[in-house]
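[1] How does the following fold in three dimensions:
(chains A, B, C, D, E and F)
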Amino acid sequence: MSMFGFGARQPTSAEKIAAVENELKMIATMHARMTKICSQKCIDATYREGDLAKGEAVCLDRCSAKFFEAHQKISDQLQSQSQAMAGAGGGGGFGI
Amino acid sequence: MSMFGFGARQPTSAEKIAAVENELKMIATMHARMTKICSQKCIDATYREGDLAKGEAVCLDRCSAKFFEAHQKISDQLQSQSQAMAGAGGGGGFGI
Amino acid sequence: MSMFGFGARQPTSAEKIAAVENELKMIATMHARMTKICSQKCIDATYREGDLAKGEAVCLDRCSAKFFEAHQKISDQLQSQSQAMAGAGGGGGFGI
Amino acid sequence: MDNLTKSEQQELETRLQKRQVKEFMTLFGGLVDNCFTACVDDFTSKALSGRENGCISRCVIKSMATQTRLSERFAELNQSMTAEMQNKRF
Amino acid sequence: MDNLTKSEQQELETRLQKRQVKEFMTLFGGLVDNCFTACVDDFTSKALSGRENGCISRCVIKSMATQTRLSERFAELNQSMTAEMQNKRF
Amino acid sequence: MDNLTKSEQQELETRLQKRQVKEFMTLFGGLVDNCFTACVDDFTSKALSGRENGCISRCVIKSMATQTRLSERFAELNQSMTAEMQNKRF
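    Take a look at the predicted model:
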């Protein structure tokens, strides 16, 4: 066991693939969550129109920017909290 | 890589099993979604009665029929949209 | 096929690991569900305060106790219903 | 594609059994969530009240009846849809 | 970590294709859920009404446009965030 | 059933570590969802306002405290339930 990911030993093929896969999975999950939330916040759910209204489109742009900012902010906050609690301990971490 | 599923080569056992499994999984997912939505639409959530009221039962029957119709309609719409965009391309498809 | 889990034969390593893993997974799922529901029931979602109010903390304690009681009660009810329907049949069961 | 050998069928069977266990657990969990959310709203005590117990019990019975009815409808609809799609294809 | 051999890349590719299929199914399922929930509320008949059909059709078009727009924004934001994090590190 | 050999224990350990990573990501994602949904409702700007930032920060602190408290209760309740069930069995 090591604090630095795979430590001194070479990661196996399965581990390398799993690491890349996990990162992509995390990004996909974040994308799905953002889509769900920003749709709820910005889209008129009566569907009287099939086209995105100008106001809805602008709202989606701003919502996605705010979502990324919040995501980063919460990640930083958890990281500094966990560092305050755990002292030095590295390794895991909360960042995307 | 081929546009027609497994192409000319024979699918492996793992691929054949996965294909059947995926189809069953899709059906199970659709069943779960329908149950959730139609329960919300039709069932009185105060639970003053333990029996399904006649009106609730009829509502469930109609809701499930409408859900299947909507499912098929949306599948067709996506398919014609993706064909309009992609030109000929076959393979994947959206149908259940 | 046997009514008593793995029956007379020895479970394989994979089966033994899967069984322990499944039990832990079930507990984790129950924990996640309880956290979600009791947060919704007890926490003021305006977040004007960062600290848990005394009332919120007490509500969480009671909500978790009630959640466990409901979980057990529903498990027992399903078990007696399925026994009433299936006659003797053992094995699976609904308990945590 | 559906022409599986015997050993492939066995492997599939094993997987479907695992899936059934998983689906049952999801169903059970959903029942607890749904009936707890609908029936429990009083946190002045840490034990379920008589009213809450009754509500949960009726909720479980009604939810099972809902499940059963919807599963019957689903099977019928799925069958007629499959038949329709095969008519289109051939 | 990103230095994969050829066979590792192939294995990854296979897995990503499976993931894409899964994600597409989730997206499709979400679309059905969302548009059905938003558009269908009348259970005096077992067939979709003209109004419901129209609503579902507009909902699908609008949801696809929403998906597309958000995916573009997401790609931009993800790129600039990744660039920023690499600047911090080195 | 709990009598695992050493190599089985190691395999289980590896799997549990993967599970923990997954659970942490779910918890983190849920936190982002919940705090963003509760705190952000103004889309006249593309940057978080001071009010929104403050709300998110308090939401994270409060959610962590909620998690901690519920995890303690869960552990206690789970232990007493397990003890009770074993008394029933033997």
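
[2] Flag the shaky bits of chain D, pLDDT-wise.
    Scanning chain D for pLDDT under 70 picks out the ranges D:1-2, D:88-90.

[3] longest single helix anywhere in it?
    helix D:50-89 (DSSP state H).

[4] wait, does that one contact chain C?
    Yes - remark: helix D:50-89 sits within contact range of chain C at D:52-53, D:56-57, D:60, D:64, by CB under 8 Å from any CB of the partner chain. Backbone N, C-alpha and C define where each C-beta goes, glycine included.

[5] tell me which element the spatially closest residue to residue A:53 that is not a sequence neighbour falls in.
    Sequence neighbours aside, residue A:44 is the residue nearest to residue A:53 in space, at 7.3 Å (criterion: CB to CB, 6 or more residues apart in numbering or on different chains). Here residue A:44 is covered by no helix or strand, with elements defined by DSSP states H and E.

[6] Touching, residue A:44 and residue A:56? I think so.
    Yes - between residue A:44 and residue A:56 a contact is recorded at 6.8 Å, counting by CB atoms under 8 Å.

[7] what about these two, which has more around it?
    When neighbours are counted by other CB atoms under 10 Å in any protein chain shown, residue A:44 and residue A:56 differ, and residue A:56 comes out ahead with 20 against 13.

[8] Skip the chain neighbours and tell me the closest residue to the more buried one.
    Counting by CB to CB, 6+ apart, the nearest residue to residue A:56 once its immediate chain neighbours are dropped is residue A:42, at 5.3 Å.

[9] what residues are up against that neighbour?
    Neighbour list for residue A:42: A:56, A:59-60, A:63, E:66, F:43 [criterion: CB atoms under 8 Å, 6 or more residues apart in numbering or on different chains].

[10] do the same with residue D:31
    Shown here is residue D:31, whose contacts under the criterion CB under 8 Å, 6+ apart are C:74, C:78, D:59-60, D:63.

[11] can you redo those residues as JSON lines with neighbour count and distance to residue B:84?
    JSON lines is the format used below for the contacts of residue D:31 (neighbours: other CB atoms under 10 Å in any protein chain shown; distance: CB to CB, whole Å):
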{"residue": "C:74", "neighbour count": "21", "distance to residue B:84": "49"}
{"residue": "C:78", "neighbour count": "19", "distance to residue B:84": "49"}
{"residue": "D:59", "neighbour count": "24", "distance to residue B:84": "47"}
{"residue": "D:60", "neighbour count": "23", "distance to residue B:84": "48"}
{"residue": "D:63", "neighbour count": "23", "distance to residue B:84": "42"}
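
[12] follow-up on the earlier one: if I look at the residue nearest to residue A:56, how far off is residue C:84?
    When CB to CB, to the nearest Å is applied, the distance between residue A:42 and residue C:84 equals 50 Å.

[13] Same check on residue A:44?
    Computed with CB to CB, the distance linking residue A:44 and residue C:84 is 49 Å.

[14] Centre of the chain to the host helix or strand of residue A:36, how far?
    Under the criterion DSSP H and E, the helix or strand holding residue A:36 is helix A:13-42. Between the centre of helix A:13-42 and the centre of its host chain there is 7 Å, according to CA atoms, centre = their mean, to the nearest Å.

[15] Spell out which parts of chain A neighbour chain E.
    For chain A, the residues in contact with chain E under the definition CB under 8 Å from any CB are A:11, A:13, A:16-17, A:19-21, A:24-25, A:27-28, A:31-32, A:34-36, A:38-39, A:42-43, A:45-52, A:56-57, A:60-61, A:64-65, A:68, A:72, A:95-96.

[16] among the residues you listed, which ones are buried?
    With neighbours counted by 16 or more other CB atoms under 10 Å in any protein chain shown, those contain buried members at A:16-17, A:20, A:25, A:31, A:34-35, A:38-39, A:42-43, A:47, A:50, A:52, A:56, A:60-61, A:64-65, A:68, A:72, A:96.

[17] nearest spatial neighbour of residue D:26, skipping sequence neighbours?
    Taking CB to CB, 6+ apart, and ignoring the residues beside it in sequence, residue D:26 has residue B:32 as its nearest neighbour in space, at 7.2 Å.

[18] who's in contact with residue A:69?
    Applying CB under 8 Å, 6+ apart, the residues contacting residue A:69 are F:47-48.

[19] So what's the residue count around residue 67?
    This is for chain A. By the measure other CB under 10 Å, the count of residues near residue A:67 is 26.

[20] nope, chain D please
    The tally of other residues near residue D:67 (other CB under 10 Å) stands at 16.

[21] tell me the contacts of the residue nearest to it when sequence neighbours are not counted?
    Using CB to CB, 6+ apart and skipping the chain neighbours, the partner closest in space to residue D:67 is residue B:35 (6.5 Å). Listed by CB under 8 Å, 6+ apart, the contact partners of residue B:35 are D:66-67, D:70.

[22] And for residue D:71?
    Taking CB under 8 Å, 6+ apart as the contact definition, residue D:71 lies against residue B:31.

[23] next one: residue D:42
    Taking CB under 8 Å, 6+ apart as the contact definition, residue D:42 lies against D:49, D:52.
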